[in-house]
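Q: Compute the structure for the input listed below.
(one chain, ligands or ions: 1)
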Amino acid sequence: MSEPAFQDQYPDDYAHCYGCGRLHAEGHHLKSYWDGEETVCRYTPDPKYTGGFPGFLYGGMIASLIDCHGAGTAAAAKARQDGKPISRFVTASLKVDYLAPTPINTELEIRGKVVEIKGRKVIVDLVVFAAGTTCATGTVVMVQLKEQN
Ligand SMILES: CCCCC/C=C\C/C=C\C/C=C\C/C=C\CCCC(=O)SCCNC(=O)CCNC(=O)[C@H](O)C(C)(C)COP(=O)(O)OP(=O)(O)OC[C@H]1O[C@@H](n2cnc3c(N)ncnc32)[C@H](O)[C@@H]1OP(=O)(O)O
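A: Modelled structure (predicted):
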């Protein structure tokens, strides 16, 4: 993991996302990296993001993890394919399946796998693991901003 995180390569004007923008003062500052042909993001949720009952994570936060790591994965994959610097993608579609309760105070591992790159569109499958348990899966459709390609 010697390369800078994908999010640390976003141009300054596009680095204000609440989930992953390095320039957002109060955001989560998610960081994503290559791990072979997959991507990985690790994040330990604070209890303030508790969901319906104590000890477990709010579903919206799980969606945010899938969303932001999916965007980073799309940007990195497109950059690697085109041999260009990272550009900015936005979320066109976000699907999440919640398979098991996701704990707080436990390091989560979010893994991404690129399914398709077609023009400005990148589709990514994602999985959220907690201590070896698959807690959620997701699929995102990310679209590169027109002025970025
Ligand atoms: C992140 C920094 C953003 C800063 C913005 C700066 C400048 C603004 C410039 C442009 C603004 C554009 C959007 C961004 C604005 C604010 C977002 C803030 C960041 C977020 O908070 S992010 C979470 C929320 N996000 C959004 O706020 C996106 C709203 N939305 C859109 O802005 C458009 O909807 C967009 C750009 C997604 C697509 O529009 P488009 O005209 O560029 O592209 P087009 O329609 O040609 O689609 C190309 C290929 O994607 C497929 N495709 C499209 N939509 C699909 C869907 N829903 N499901 C499955 N496939 C889909 C098509 O089927 C085609 O695929 P194919 O080529 O295979 O046919």
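Q: hey, where'd the helices end up in this structure?
A: Along the chain, the segments classed as helices by DSSP state H run 59-82.
Q: For it, just list every one of the strands.
A: 32-35, 38-43, 89-98, 108-118, 121-130, 133-144 (DSSP state E).
Q: Just list what the fourth one packs against, helices and strands only.
A: Packing partners of strand 108-118 (3 or more Cβ pairs under 8 Å, 6 or more residues apart in numbering; DSSP states H and E): strand 38-43, helix 59-82, strand 121-130. All C-beta spots, glycine's among them, are computed from the backbone N, C-alpha and C.
Q: ok and it relative to strand 133-144, angle-wise?
A: 40 degrees (axes from the mean of the first three to the mean of the last three Cα atoms, to 10 degrees).
Q: near the ligand, anything from strand 108-118?
A: Yes. Looking at strand 108-118 against the ligand by Cβ under 6 Å from any ligand atom, the contacts come from Lys118.
Q: between that strand and strand 121-130, how big is the angle?
A: Using the same axes, to 10 degrees: strand 108-118 against strand 121-130 is 160 degrees.
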